[in-house]
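**Student:** got a sequence here, can you build the structure:
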Amino acid sequence: GSSYTGMISVFAGLTAKGILFHQGYNNALDDSRPKQYAINFKTLISDWRRAFEEKDLPFGIIEFSAGGEPQTHDNYELRMIDPSPHIREGQFKAFKELPNTGYVCSYDQQVNWYHPQKKVELGERIARWALATQYGIKLNWEPAICTGIERLKDKIIVTFNKAVKTSDDRPFEGFCIAGSDQHFYPSKAEFVKTKDKNGKWVENKMQIEVSNNLINDPIQVRYAWARNPLGNLVSDDSRIIPVPLFRSDDWDYPEAPY
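**Tutor:** Sure, this is the predicted structure:
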């Protein structure tokens with residue numbers, strides 16, 4: 001409320017071309033309330049649009065940045081117990097549910113602190129959205145989005161709305177699966193392969209199968225789920241546009257657990 005009163009309300013009624021938003025650190029501390037944040041963030045966007053008297057005011061979201069101890073295969077699940085990915089999830093939901101919004105990821109730009117460090121790289125990403133949607137310049141900006149999860153006996157198939165690849169041409173990183181015990185394991189991920197009309201195996205770059213020999217009955221999958229996560233998945237049409245985090249489960253992060 002004090003931030004709105006001091007930094008937004010004083011400009012209310014003026015004309016704005018658009019807004020670029022890159023925040024979230026203070027919302028992802030020990031007293032985090034991700035469910036409340038998701039509601040508040042959508043309300044913030046609608047309220048700012050009212051303040052500037054433009055119901056479809058362009059609103060570009062740069063997700064909460066990475067920082068802190070990096071996720072590794074040794075600390076994988078421990079680093080998942082963090083409010084940060086839930087805050088990013090709330091930001092991404094606002095992008096999906098509200099019109100005239102843009103969204104770019106920041107989790108791959110690992111930093112040891114949050115300000116200012118890699119603001120330029122992230123600014124260039126959201127600028128692509130602004131230039132493409134508000135100024136008519138032909139640029140790729142839309143991230144590939146997970147659109148489907150299929151659970152098979154010993155693996156999970158993830159489907160995207162467009163082709164994906166890795167940013168560094170190395171094996172996929174950042175996928176993990178869990179069984180009914182709700183423990184996640186970093187997992188092998190590779191493109192689903194099918195035979196073409198000539199009987200040759202080809203990769204389907206819109207589908208990835210995720211598996212781990214330690215889990216015989218996987219039921220849930222997550223990607224890039226940590227404050228400073230592993231993850232190298234990008235859109236095939238632009239390797240600087242990471243795929244947003246996602247999960248198939250609805251297992252809650254406890255509100256203000258500390």
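
**Student:** need the helices for the stretch 1-150 of the chain, in chain order.
**Tutor:** When assigned using DSSP state H, counting those that start in this stretch, the helices of the stretch 1-150 of the chain occupy the ranges 2-7, 34-51, 76-80, 84-97, 119-134.

**Student:** winner for burial among those helices?
**Tutor:** With neighbours defined as mean count of other Cβ atoms under 10 Å, the helices of the stretch 1-150 of the chain peak in mean count at helix 84-97, which reaches a mean of 21. Where you see a C-beta, it was placed from the backbone N, CA and C, and this is true even at glycine.

**Student:** quick one: contacts of that one?
**Tutor:** Under the criterion Cβ atoms under 8 Å, 6 or more residues apart in numbering, residues 24, 27-28, 32, 34, 37-38, 41-42, 45, 61, 63-64, 101-103, 107, 224-227, 229, 244-245, 247, 253 lie in contact with helix 84-97.

**Student:** next: stretch 145-152.
**Tutor:** By Cβ under 8 Å, 6+ apart, the residues outside stretch 145-152 that reach it are 156-161, 218-219, 221, 223, 243-244, 246, 248.

**Student:** CSV for the residues you listed, including distance to F184 and neighbour count?
**Tutor:** Converted to CSV, those look like this (distance: Cβ to Cβ, whole Å; neighbours: other Cβ atoms under 10 Å):
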residue, distance to F184, neighbour count
I156, 12, 24
I157, 18, 17
V158, 15, 24
T159, 20, 14
F160, 20, 21
N161, 24, 14
P218, 10, 25
I219, 11, 16
V221, 9, 26
Y223, 11, 26
V243, 18, 24
P244, 18, 24
F246, 14, 19
S248, 11, 19
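
**Student:** just those now: which is nearest S3?
**Tutor:** Proximity of the contacts of stretch 145-152 to S3, judged by Cβ to Cβ, is greatest for P244, which lies at 26.0 Å.

**Student:** nearest to A16, of the helices of the stretch 1-150 of the chain?
**Tutor:** Each of these has some distance to A16 by Cβ to Cβ; the shortest is helix 34-51, at 8.6 Å.

**Student:** okay, that closest one in PDB with CA atoms only?
**Tutor:** Coordinates of the C-alpha atoms in helix 34-51 are reproduced here as PDB (Å, rounded to 0.1, in the frame of the first residue of the first chain):
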ATOM      1  CA  PRO A  34       2.300 -17.800  -2.900                       C
ATOM      2  CA  LYS A  35      -1.500 -18.200  -3.100                       C
ATOM      3  CA  GLN A  36      -2.100 -14.700  -1.900                       C
ATOM      4  CA  TYR A  37       0.600 -13.400  -4.200                       C
ATOM      5  CA  ALA A  38      -1.000 -14.900  -7.300                       C
ATOM      6  CA  ILE A  39      -4.300 -13.200  -6.500                       C
ATOM      7  CA  ASN A  40      -2.600  -9.900  -5.600                       C
ATOM      8  CA  PHE A  41      -0.500  -9.800  -8.700                       C
ATOM      9  CA  LYS A  42      -3.400 -10.100 -11.100                       C
ATOM     10  CA  THR A  43      -5.200  -7.400  -9.000                       C
ATOM     11  CA  LEU A  44      -2.100  -5.200  -9.300                       C
ATOM     12  CA  ILE A  45      -2.100  -5.400 -13.100                       C
ATOM     13  CA  SER A  46      -5.800  -4.600 -13.300                       C
ATOM     14  CA  ASP A  47      -5.500  -1.800 -10.700                       C
ATOM     15  CA  TRP A  48      -2.600  -0.100 -12.500                       C
ATOM     16  CA  ARG A  49      -4.600  -0.200 -15.700                       C
ATOM     17  CA  ARG A  50      -7.400   1.600 -13.900                       C
ATOM     18  CA  ALA A  51      -4.900   4.100 -12.500                       C
END
